[in-house]
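**Q** after the sequence you'll find the predicted model.
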Amino acid sequence: MSYKKFFPYFKNSDITYLDSGATTQKVQSVIASELEYYTDYCANTHRSNFGDANKATIHYEESRKYLQKFINAKDSSEIIFTKGVTESINFICSSFAKNFKTVIISSLEHHSNIVPWHMQGRSLGDGLEVVGYKDNFAFDFDEFERILVKNPNSFVSVTHISNAFGTINDIKKICAMAHKYDSYVLIDGAQSLAHKKIDIQDIDCDFFAISGHKTFAPTGVGAVYIKQELLNRVEPYQTGGATIKTVTYNSSTLLDSPYKFEAGTQNIAGVIGFRKALEFIDEVGYEIIEKQEYRLYEYLHNELKKISEVVFYNTTKETISNKSFNIQGVIHDDVGILLDKQKIAIRVGHHCAMPIMEKLEIKGTIRVSLAFYNDFDDIDIFIVALKRAIKMLKD
Ligand code: PLP
């Protein structure tokens, strides 16, 4: 069954969309719920007491509860809405994590999980450690343990799924190892929720950053899960309206979580819409989503393998959604331009992961990024267009 019919973009566009790692298309019910909020009951939340304001607050809080259950968090106070993973990481970086002598990341991180640490004055070997990888970009647990032995009580911040190469990290094992050395773990889940079931209690991470717009929901909405035991140890990094119990000219007292962390007017429509995206995933089911994605990924890999000029960086083992490659003797940007002319949406470049590109001694890659609404026809169309582009660039 094709799920494209639930996404209005596919009705209105003749583009073959293969850039879901950048942002996913939005479900009809998500768009309808945003429209409904703005046209039927637009009011601020957690402030006024009239009907529409109460309705907006109820829907907003229902989204929080839905997300809590969706990821199997213990309590809704553990769910803080943000504008996305970038804000979630910046929040924890400039709050809880700032007090740790050492922050440990992996070599496959997105700039969102590198630059905030640099801004905190950390650099390689001076407050920041980077775990390398083994074959097929597998997280190097031996090196991780060596770093933890030298630096117990660190803050670990690693991606679940690589946006550049689709590698899936064993985050449960990362958390267990980090906890053994009294360290805390934040998981960058930007590329996770659209593709894989997340069970927070099973993973046992301390923080988990979520992106709405990469999960079929509106842009400008995301969340960070904070483990209940840590809620009182995490300081808000922004304060203001809606975070307080009392304010005098002399001092302020803050509300409990999650409210003390959500300063100012939030992306109310986005949060409400986010729930609709999660409901949609529940209706489809992760089993179907994962099965479809693995089939597509393997098919894509096998079709690319037939093109002799394709240079791969990793295989299909422990990878999902994002497939990166290059064409021998051809600049990736040129491929991007020629594919765009043929109405194929893919991304070329460093994918906000410059350090790993540097390590591989390349400027960037051609990335095909799949979601479960893609089908085999999309891949066939892409392969024909890619072959045409290669022919034009090589002839
Ligand atoms: N982390 C990873 C792995 C990503 O792929 C992205 C976006 O591409 C981000 C972080 C930033 O996420 P957001 O757009 O929700 O801020």
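**A** Ah, there it is.
**Q** from now on I want contacts and neighbour counts done on CA atoms only, so please keep to that.
**A** OK.
**Q** which of the three states applies to the spatially most central residue of the chain?
**A** Taking CA atoms, centre = their mean, the centroid of the chain lies closest to Ala190, which sits 0.6 Å from it. State at Ala190, reduced to three classes by DSSP: H, G, I helix; E, B strand; the rest coil: coil.
**Q** got a list of what it touches?
**A** Val85, Thr159, His160, Ile161, Ala209, Ile210, Ser211, Lys214 (CA atoms under 8 Å, 6 or more residues apart in numbering).
**Q** what separates it from the ligand, distance-wise?
**A** Using CA to the nearest ligand atom, to the nearest Å, one gets 5 Å for the distance from Ala190 to the ligand.
**Q** and if you look at Lys306?
**A** Taken as CA to the nearest ligand atom, the span from Lys306 to the ligand is 28 Å.
**Q** try Asn12
**A** Asn12 is 24 Å from the ligand, by CA to the nearest ligand atom.
**Q** any idea how far that residue is from Asp256?
**A** 45 Å (CA to CA, to the nearest Å).
**Q** next one: Leu67
**A** 19 Å.
**Q** show me which residues of stretch 178-192 are buried.
**A** By neighbour count on 16 or more other CA atoms under 10 Å, the buried set for stretch 178-192 is 178-179, 181, 183-192.
**Q** what is the end-to-end distance of it?
**A** End to end - CA to CA - stretch 178-192 spans 20 Å.
**Q** go on, stretch 147-157?
**A** Per CA to CA, stretch 147-157 runs 14 Å from first to last residue.
**Q** in helices, which of the contacts of Ala190 appear?
**A** Val85 (DSSP state H).
**Q** pLDDT score for the residue nearest to the centre of the chain?
**A** Reported pLDDT at Ala190 in the predicted model: 98.
**Q** and the helices in the stretch 151-300 of the chain?
**A** 171-180, 200-203, 268-284, 286-305 (DSSP state H, counting those that start in this stretch).
**Q** check which helices and strands the first one sits against.
**A** It refers to helix 171-180. Helices and strands touching helix 171-180, by 3 or more CA pairs under 8 Å, 6 or more residues apart in numbering; DSSP states H and E, are helix 141-150, strand 184-188, helix 200-203.
**Q** and it with helix 141-150, angle?
**A** Here helix 171-180 runs at an angle of 20 degrees relative to helix 141-150 (axes from the mean of the first three to the mean of the last three CA atoms, to 10 degrees).
**Q** now do the last one
**A** Going by the same axes, to 10 degrees, helix 286-305 is angled at 120 degrees with respect to helix 141-150.
**Q** tell me the helix or strand right after helix 286-305.
**A** strand 310-312 (DSSP states H and E).
**Q** other residues contacting that following strand?
**A** Residues contacting strand 310-312 (CA under 8 Å, 6+ apart): Leu304, Ser324, Phe325, Asn326, Ile327, Gln328.
**Q** check contacts around the fifth one.
**A** Residues in contact with Ile327, defined by CA under 8 Å, 6+ apart, are Glu309, Val310, Val311, Ile390.
**Q** looking at those, which two lie furthest apart in space?
**A** The two members of these with the most space between them (CA to CA) are Val311 and Ile390, at 13.0 Å.
**Q** who's more crowded, those two?
**A** Ile390 (20 against 15; other CA atoms under 10 Å).
**Q** for that one, what are its contacts?
**A** Ile327, Val330, Val335.
**Q** now Ile203
**A** Ile203 neighbours (CA under 8 Å, 6+ apart): Ile171, Lys172, Cys175.
**Q** again, but for Ile71
**A** With CA under 8 Å, 6+ apart, Ile71 has these contacts: Lys197, Ile198, Asp199, Ile200.
**Q** spell out which residues of the stretch 1-150 of the chain are next to the ligand.
**A** Ala22, Gly84, Val85, Thr86, His110, Ser112 (CA under 6 Å from any ligand atom).
**Q** and those residues, which are buried?
**A** Gly84, Val85, Thr86, His110, Ser112.
**Q** the third one contacts His110, doesn't it?
**A** No. The pair Thr86 / His110 is not scored as a contact, 9.7 Å apart, by CA atoms under 8 Å.
**Q** quick check: neighbours shared by those two?
**A** By CA under 8 Å, 6+ apart, no residue touches both Thr86 and His110.
**Q** all strands of the stretch 51-200 of the chain, in order?
**A** Ranges of strands in the stretch 51-200 of the chain, per DSSP state E, counting those that start in this stretch, are 79-82, 103-106, 123-124, 127-131, 155-159, 184-188.
**Q** ok so, going back, let me know the closest of the contacts of Ile327 to Lys359.
**A** Among the contacts of Ile327, and counting by CA to CA, the member closest to Lys359 is Val311, at 16.0 Å.
**Q** still on that earlier bit, how about the buried residues of stretch 178-192 in a markdown table, adding distance to Arg347?
**A** Converted to a markdown table, those look like this (distance: CA to CA, whole Å):
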| residue | distance to Arg347 |
| --- | --- |
| Ala178 | 34 |
| His179 | 37 |
| Tyr181 | 39 |
| Ser183 | 36 |
| Tyr184 | 33 |
| Val185 | 30 |
| Leu186 | 27 |
| Ile187 | 24 |
| Asp188 | 21 |
| Gly189 | 20 |
| Ala190 | 17 |
| Gln191 | 15 |
| Ser192 | 19 |
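**Q** can you name the two of those residues that sit furthest apart?
**A** So, the buried residues of stretch 178-192 by CA to CA: farthest apart are Tyr181 and Gln191, at 27.0 Å.
**Q** now do the buried residues in stretch 279-291.
**A** Buried, per 16+ other CA under 10 Å, within stretch 279-291: Glu279, Phe280, Ile281, Tyr286, Ile289, Glu290.
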